[in-house]
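Visitor: got a sequence here, can you build the structure:
(one chain, ligands or ions: 1)
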Amino acid sequence: MTKPVTNAAAGSSLVTIKDLRKTYIMGDEQVHALDGVDLTIDRGEFLAVLGPSGSGKSTLMHILGFMDKATSGKISFEGEDVSRISASRRAWYRANRVGFIFQAFNLLPRLSVLENVLLPMRYSRSKIHDAKARAEQAIARVDMTHRIHHRPSQLSGGERQRVAIARSIVNQPGIILADEPTGNLDSKNVGRILDLLDSLLVEGLTVIMVTHDLGVADHARRIISMRDGKVQEDRRR
Ligand code: ADP
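Guide: Below you'll find the model as predicted:
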């Protein structure tokens, strides 16, 4: 399905979450990974998610990334109620409206920079005629044109993460979900990657970043702290 997203006015909320719950049944025990989360994320926000291990950060990111379904609660994304959409509609959102960045970069080692950045367009199911031009543009956006035919193993960590960012933006998603994106980088590259993510916001992107690093979280304009499956604190700066 390739329904265009037309009902999302700029400046409106991108994601609205109401009383979101995710419960795992483990034998006789119920694990409340998310235990009533309410959250509104506006277009153009840079949101950091902090919290101890087991507090529900990954579960929230998986649901926001259409990789998992909540047990109950309501989520709207870009104006559509996505709480109970079909698996194929979820796959469409995952492929077309969300970009992912990981701590370990997750580039395919046998593919060049260009081929890695082309991949999301292959998965998007709609035919993209100008795929190569779009990939080249995304690579230029992260200042990696000079390495376009290199393989990941021929790049530094910071360069790999820039390529991963190019891959995450190539389908022009509404949201970037970043899981510890600077966890494998030295401090100079941490700054560069955060500045790059920051610069995407003015182009209408929204970034949600899980991190354990308070210094990194401090870069975001809004920080939520999770504990026991709940949003314990929500600070804007
Ligand atoms: P975080 O990312 O903050 O470390 P998670 O979202 O991974 O936390 O986990 C939240 C809680 O849910 C934890 O208690 C974890 O053990 C539990 N959990 C996560 N995934 C599963 C699963 N697939 N099955 C059972 N319990 C899970």
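
Visitor: what does the protein put close to the ligand?
Guide: 24, 26, 31, 33, 51, 53-59 (CB under 6 Å from any ligand atom). Every C-beta, even on glycine, is put in place using the N, C-alpha and C of the backbone.

Visitor: which one among these gets closest to Lys132?
Guide: Of all the residues of the chain next to the ligand, Lys132 sits closest to Ser58, with 34.1 Å by CB to CB.

Visitor: packing partners for the one helix or strand that closest one maps to?
Guide: Element membership for Ser58 (DSSP states H and E) is helix 57-64. Counting contacts by 3 or more CB pairs under 8 Å, 6 or more residues apart in numbering; DSSP states H and E, helix 57-64 packs against strand 13-26, strand 29-42, strand 46-50, strand 175-179, strand 206-210.

Visitor: switch these over to TSV; also include mean pLDDT and mean neighbour count.
Guide: Converted to TSV, those look like this (pLDDT from 0 to 100; neighbours: other CB atoms under 10 Å):
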stretch	mean pLDDT	mean neighbour count
strand 13-26	96	17
strand 29-42	97	16
strand 46-50	97	23
strand 175-179	96	24
strand 206-210	97	24
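
Visitor: helices along the chain, start to end?
Guide: For the chain, the helices defined by DSSP state H cover 57-64, 87-96, 113-123, 131-141, 157-169, 187-201, 214-217.

Visitor: out of these, flag the one nearest Ile175.
Guide: Among the helices of the chain, helix 57-64 comes nearest to Ile175, with 7.2 Å by CB to CB.

Visitor: ok, residues contacting the closest one?
Guide: The contact list for helix 57-64 (CB atoms under 8 Å, 6 or more residues apart in numbering) reads 15, 20, 22, 33-34, 37, 49-51, 68-70, 75, 98, 175, 177, 179, 208, 210, 226, 229.

Visitor: with stretch 127-135 instead?
Guide: Contacts for stretch 127-135 (CB under 8 Å, 6+ apart): 114, 117-118, 121, 166, 170.
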